[in-house]
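>>> This is a predicted model, with the sequence first.
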Amino acid sequence: MSSSHEDLHSPKDVYFQNARMYQLLKLAECDLQNRQLIEQALADRSARIPPLFRQYFYDYMYADNHHDLRQVNYMAQIAFLLYFFADIFIIPDIFFLSGVSRVLLVIVAMLCGSYLFNHYKNIQVLEMFLPICTTVAAGIWIGLLLLSNSPHVSTYLYATAIFILVTNLCIKTQFKGALYCSIFIALFMTIGAIHLLTWSQGLIFAVVSIPLWCFSIYINWNNTLNVRRIFLRNLLDEWNYQTLKNLAHTDDLTKLYNRRHFVNLAEQAIQQWPKHAGTCLLMFDVDHFKLINDNYGHDVGDRVLQLIAEVTRKEMRQTDVLARFGGEEFIALLEYTQPYDSLMIAERIRKIIQKQVFYITPDQSIQFTISIGIAELESPEQTLDDLIKKADLALYQAKKAGRNRIKIYHPDILKPATSSSSKHRNIVQAVQQAAKNSDKQVQSSSPL
């Protein structure tokens with residue numbers, strides 16, 4: 001795969017953070033500006049998620065919590081339904097109305113919850129479902145108490161505390177939403193207290209309920225804050241991981257794959273090589289590169305290598321693996337490519353680089369060429385080392401033959417000209433002639 005566009009998102013490279021099977025950041029997002037945003041968010045007392053990472057936060061929370069949220073919703077609905085048995089003894093005068101109300105509400109909640117959890121991946125919607133249902137249930141329950149004439153209603157009113165707890169304890173992203181639901185529940189409790197309790201009973205109820213309400217809100221806020229900080233720390237860990245991985249896999253000068261990572265990828269490709277598909281290896285380097293360094297300095301030599309990397313990267317396909325192999329040497333593995341096609345690619349690269357004009361100063365420029373050696377993978381038993389040696393041998397022959405040319409490996413490459421070597425030379429010449437004809441057609445079709 002082309003090293004410039006690869007974001008290193010292969011399944012084998014996925015970063016397992018707390019057993020989560022997905023990446024939080026793309027490699028392109030691991031710049032210093034984004035790291036500064038993450039650090040500033042961590043230093044913020046409210047740990048506000050930067051807008052750039054907000055959707056990542058919601059996706060992260062969905063993957064981590066949606067299963068547990070579904071279970072908690074079902075448990076809360078069942079618990080609300082089971083309270084009917086308490087109603088039979090505490091408010092027996094309306095137990096039938098209580099049973100019908102609870103059953104209808106639970107059926108509606110289960111149907112809506114099943115639809116939302118099966119069709120929505122928005123954690124904000126899913127997380128607010130339980131607080132909203134709990135608020136509605138609290139309102140219905142207070143209404144039932146107001147309709148009852150049971151002498152135990154004033155004591156039963158204390159059970160409303162469970163609604164406050166359920167509303168707040170499972171919230172991790174929607175603090176404001178849960179707060180609003182808690183306010184509505186507190187309003188229902190106040191209405192119930194005004195109508196069902198005496199002043200002395202209301203005072204005791206307030207002394208018990210208000211601290212519980214405040215404590216639940218505090219737990220809600222702490223849950224939200226801790227989850228944000230955990231996410232931001234994981235995000236920072238992911239930034240560090242992606243950056244270090246990129247450094248380990250990438251050549252610092254050209255931004256192509258380095259030799260070690262190329263070997264790993266190429267060996268995997270060879271092991272998985274299908275017999276019906278062709279695979280070729282290109283090895284090329286800069287002609288007279290030492291003279292460029294000696295005459296113009298190593299900084300110019302480095303810029304030449306960067307230019308070659310940039311040009312070659314653009315000519316490679318997404319399936320090709322391009323790397324700097326060392327010094328002025330480059331290497332590319334072309335999967336699913338027959339020798340003739342690899343020659344066409346190599347010839348195109350050679351010609352484009354030959355035409356490059358590198359300006360040292362506005363008044364001084366140089367041009368340079370490359371030589372290319374090609375070897376074909378012949379069997380799955382063939383090792384990468386053997387393939388590289390053959391491509392390197394072909395490159396050596398290209399240098400020996402005068403440079404700025406392509407040689408393809410064949411068994412008799414070191415022997416005097418034979419029918420086999422002539423065949424390969426004819427193929428190269430045919431490719432070069434085809435490239436020339438293509439250029440002529442383009443020039444003739446260009447407007448004057």
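Thanks, I have it. Numbers count the residues shown, from 1 in each chain.
>>> What's the first helix or strand after the helix or strand containing residue 189?
According to DSSP states H and E, residue 189 maps onto helix 175-196. Proceeding C-terminally, helix 175-196 gives way to helix 199-249 as the next helix or strand, assigned by DSSP H and E.
>>> Averaged pLDDT, the next helix or strand after that following helix. What do you get?
Per DSSP H and E, the first helix or strand lying C-terminal to helix 199-249 is helix 259-271. The predicted model gives helix 259-271 an average pLDDT of 88.
>>> just checking, what packs against helix 259-271?
helix 199-249, strand 279-286, strand 321-326, strand 329-335, helix 384-400 (3 or more C-beta pairs under 8 Å, 6 or more residues apart in numbering; DSSP states H and E). To be clear about C-beta, it is placed using only N, CA and C from the backbone, and glycine gets the same treatment.
>>> buried stuff in the fourth one?
Under the neighbour-count criterion of 16 or more other C-beta atoms under 10 Å, strand 329-335 has 329, 330, 331, 332, 333, 334, 335 buried.
>>> Partner strands of it, with direction?
strand 279-286 (antiparallel), strand 321-326 (antiparallel) (DSSP bridges).
>>> picking that back up, list the buried residues of the helix holding residue 189.
175, 177-182, 184-186, 188-189, 192-193, 196.
>>> from these, which single one is nearest residue 261?
residue 175 (44.0 Å; C-beta to C-beta).
>>> Tell me if I'm right that the closest one and residue 219 touch.
No - counting by C-beta atoms under 8 Å, residue 175 does not reach residue 219; the two are 10.8 Å apart.
>>> Show me the protein divided up by domain.
Listed by automatic domain parsing, the domain ranges of the chain are 23-241, 259-441.
>>> what's the closest of these to residue 253?
That would be domain 259-441 among the domains of the chain, by C-beta to C-beta, at 5.9 Å.
>>> How far away from the center of its chain is that closest one?
33 Å (C-alpha atoms, centre = their mean, to the nearest Å).
>>> Could you report the neighbour count for residue 293?
Applying other C-beta atoms under 10 Å, we find 17 residues neighbouring residue 293.
>>> For my notes, confirm it occurs in a helix.
Yes - counting by DSSP: H, G, I helix; E, B strand; the rest coil, residue 293 is part of a helix.
>>> how much space between the nearest residue to it once chain neighbours are set aside and residue 249?
Counting by C-beta to C-beta, 6 or more residues apart in numbering, residue 301 is the residue found nearest to residue 293 once chain neighbours are left out, at 4.3 Å. With distances taken as C-beta to C-beta, to the nearest Å, residue 301 is found 24 Å from residue 249.
>>> what does residue 189 give?
Applying C-beta to C-beta to residue 189 and residue 249 gives a distance of 60 Å.
>>> now do residue 96
Distance of residue 96 to residue 249, computed by C-beta to C-beta: 70 Å.
>>> okay, these two: which has more neighbours?
A count of neighbours by other C-beta under 10 Å puts residue 249 above the other of residue 96 and residue 249, at 21 against 11.
>>> mind exporting stretch 219-228 as PDB, just the C-alpha atoms?
Taking Å, rounded to 0.1, in the frame of the first residue of the first chain, the C-alpha atoms of stretch 219-228 are listed here in PDB:
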ATOM      1  CA  ILE A 219     -22.900  11.600  41.500                       C
ATOM      2  CA  ASN A 220     -24.300  12.300  38.100                       C
ATOM      3  CA  TRP A 221     -21.800  15.200  37.600                       C
ATOM      4  CA  ASN A 222     -18.900  13.100  38.900                       C
ATOM      5  CA  ASN A 223     -19.700  10.200  36.600                       C
ATOM      6  CA  THR A 224     -19.900  12.600  33.600                       C
ATOM      7  CA  LEU A 225     -16.600  14.300  34.600                       C
ATOM      8  CA  ASN A 226     -14.700  11.100  35.200                       C
ATOM      9  CA  VAL A 227     -15.800   9.600  31.800                       C
ATOM     10  CA  ARG A 228     -14.700  12.700  30.000                       C
END
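>>> Flag every buried residue along that stretch.
220, 221, 223, 224, 227, 228.
>>> would JSON lines of those residues with distance to residue 61 be doable?
As requested, the buried residues of stretch 219-228 are arranged in JSON lines below (distance: C-beta to C-beta, whole Å):
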{"residue": "220", "distance to residue 61": "15"}
{"residue": "221", "distance to residue 61": "16"}
{"residue": "223", "distance to residue 61": "11"}
{"residue": "224", "distance to residue 61": "11"}
{"residue": "227", "distance to residue 61": "7"}
{"residue": "228", "distance to residue 61": "10"}
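>>> just how off-centre is the helix holding residue 189 within its chain?
With C-alpha atoms, centre = their mean, you get 42 Å for helix 175-196.
>>> what angle separates that helix from helix 199-249?
170 degrees (axes from the mean of the first three to the mean of the last three C-alpha atoms, to 10 degrees).
>>> Residues touching helix 175-196, excluding its own?
With contact meaning C-beta atoms under 8 Å, 6 or more residues apart in numbering, helix 175-196 is reached by 124, 127-128, 131-132, 134-135, 138-139, 142, 145-146, 153-154, 157, 160, 163-164, 167-168, 171, 201-202, 205-206, 209, 213, 216-217, 220-221, 224.
>>> before we move on, the earlier item: where among the domains of the chain is average confidence lowest?
Minimum mean pLDDT among these: domain 259-441, a mean of 84.
>>> What's the local residue count around the spatially closest residue to residue 277 that is not a sequence neighbour?
With C-beta to C-beta, 6+ apart as the criterion, residue 277 has its nearest non-adjacent residue at 4.8 Å, and that residue is residue 336. Neighbours of residue 336 under the rule other C-beta under 10 Å: 15.
>>> contacting residues around residue 336?
277, 278, 279, 319 are the contacts of residue 336 under C-beta under 8 Å, 6+ apart.
>>> ok but the first one is inside a helix, no?
Okay, so that is residue 277. No - according to three-state DSSP, residue 277 belongs to no helix; its state is coil.
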